[in-house]
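sequence-free structure coming up:
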């Protein structure tokens with residue numbers, strides 16, 4: 001009887017131990033339960049990966065991401081991305097590194113809509129969820145949410161401003177950005193579709209040339225296009241800050257074209273904003289990069305807390321003109337906060 005009682009006691013201890021072990025086990029992607037104030041007792045490590053780290057836009061996204069982390073209190077963000085926005089392999093390496101480090105979540109602005117799909121899938125397989133921001137992936141099955149401007153609508157806004165100031169006629173150049181960048185591809189398509197449909201009197205002189213990722217490359221390509229079409233061009237549209245900066249430099253280098261050629265840019269910097277005053281820039285399509293970074297991090301944390309989140313979250317799109325640039329809301333969007341300020 002003593003042997004039987006001992007065996008039974010041992011068996012019960014083993015069962016209790018197994019149940020306790022199962023009860024404590026938690027997968028990496030399972031929800032972190034919030035406390036009464038909405039936060040979690042666990043310190044969450046969120047990786048935020050931009051397309052690049054050079055342009056002013058990303059510094060504003062960084063400011064928004066940090067603002068969200070500061071407000072939440074239990075979040076530590078690590079900001080890391082490639083220097084230039086053409087470094088696909090560099091961004092892939094950053095994603096892989098954060099998977100290895102087993103962060104709690106990744107917020108990613110993929111610089112290539114195709115190339116990053118596999119690595120977002122790898123993150124999910126490792127139990128690490130991903131919120132995509134700024135630019136979409138070609139396959140969204142493995143993401144939690146997409147936080148971004150409606151870039152197609154941004155392009156449409158630019159087309160309507162162009163049509164308005166050209167009074168529905170003239171010749172226009174669209175200077176593209178970089179192959180594989182989903183956000184700028186959407187802007188380009190929105191511009192072309194709207195211009196063709198709503199302003200049939202405007203001729204598209206060129207729409208297949210790429211500026212690539214730096215203002216210097218954009219300057220060279222802009223000079224080539226202006227030289228080729230100088231007697232025909234009445235308007236230009238550039239789809240992001242670096243190629244807008246390059247185009248403005250090219251126009252300013254041609255005294256008979258600066259101001260005469262209507263110039264619509266996308267995303268602000270000090271030089272482009274000054275152009276609104278100097279009559280060398282006639283519209284800047286604006287995003288809200290601070291809000292984008294903020295909502296990307298907030299959405300990730302809500303997901304980790306087990307809260308439902310929307311699959312797509314819009315951060316808005318606007319256009320600043322010489323007429324409205326000093327209105328309070330427009331002034332704020334033209335001068336967004338930057339990390340470190």
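Arrived safely. Worth saying up front: this structure is predicted, and the values here are computed from it rather than measured.

where in the chain is pLDDT low?
Low-confidence segments of the chain, defined by pLDDT under 70, are located at 1-41.

so which residues of it form helices?
Assigned by DSSP state H, the helices in the chain fall at 2-24, 56-72, 88-100, 117-125, 151-165, 182-198, 215-229, 241-252, 270-278, 289-304, 328-334.

what's the single longest strand in this structure?
Ranked by residue count, the top strand of the chain under DSSP state E comes out as strand 202-210.

in contact with the residue nearest to the spatial centre of the chain, which residues?
Here the mean C-alpha position of the chain is nearest to the C-alpha of residue 134 (CA atoms, centre = their mean), at a distance of 2.0 Å. Neighbour list for residue 134: 50, 51, 61, 109, 147, 148, 149, 183, 292 [criterion: CB atoms under 8 Å, 6 or more residues apart in numbering]. (C-beta placed from N, C-alpha, C; glycine too.)

out of the helices of the chain, flag the one nearest residue 173.
Nearest to residue 173, of all the helices of the chain, is helix 215-229, at 5.5 Å by CB to CB.

outside of that closest one, which residues touch it?
Contacts with helix 215-229, where a contact means CB under 8 Å, 6+ apart, come from 171, 173, 175, 205-206, 209-212, 233, 236, 238, 242-247, 249-251, 253-254, 257, 261.

phi and psi next, for the nearest residue to residue 154 once chain neighbours are set aside.
In space, not counting the residues next to it along the chain, residue 154 is nearest to residue 317; the distance is 4.4 Å by CB to CB, 6 or more residues apart in numbering. Note on residue 317: backbone dihedrals following degrees, to the nearest 10 are phi -150, psi 140.

next one: the one 4 residues further on
Torsion angles at residue 321 (phi, psi; degrees, to the nearest 10) stand at phi -130, psi 170.

separation between it and residue 315?
Here the criterion is CB to CB, to the nearest Å. By it, residue 321 lies 21 Å from residue 315.

hmm, back to that, let me have the contacts of residue 134 in CSV, extended by distance to residue 300 and neighbour count.
Formatted as CSV, the entries for the contacts of residue 134 read as follows, by distance: CB to CB, whole Å; neighbours: other CB atoms under 10 Å:
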residue, distance to residue 300, neighbour count
50, 15, 28
51, 18, 28
61, 14, 32
109, 13, 28
147, 9, 27
148, 14, 24
149, 19, 27
183, 19, 26
292, 13, 26
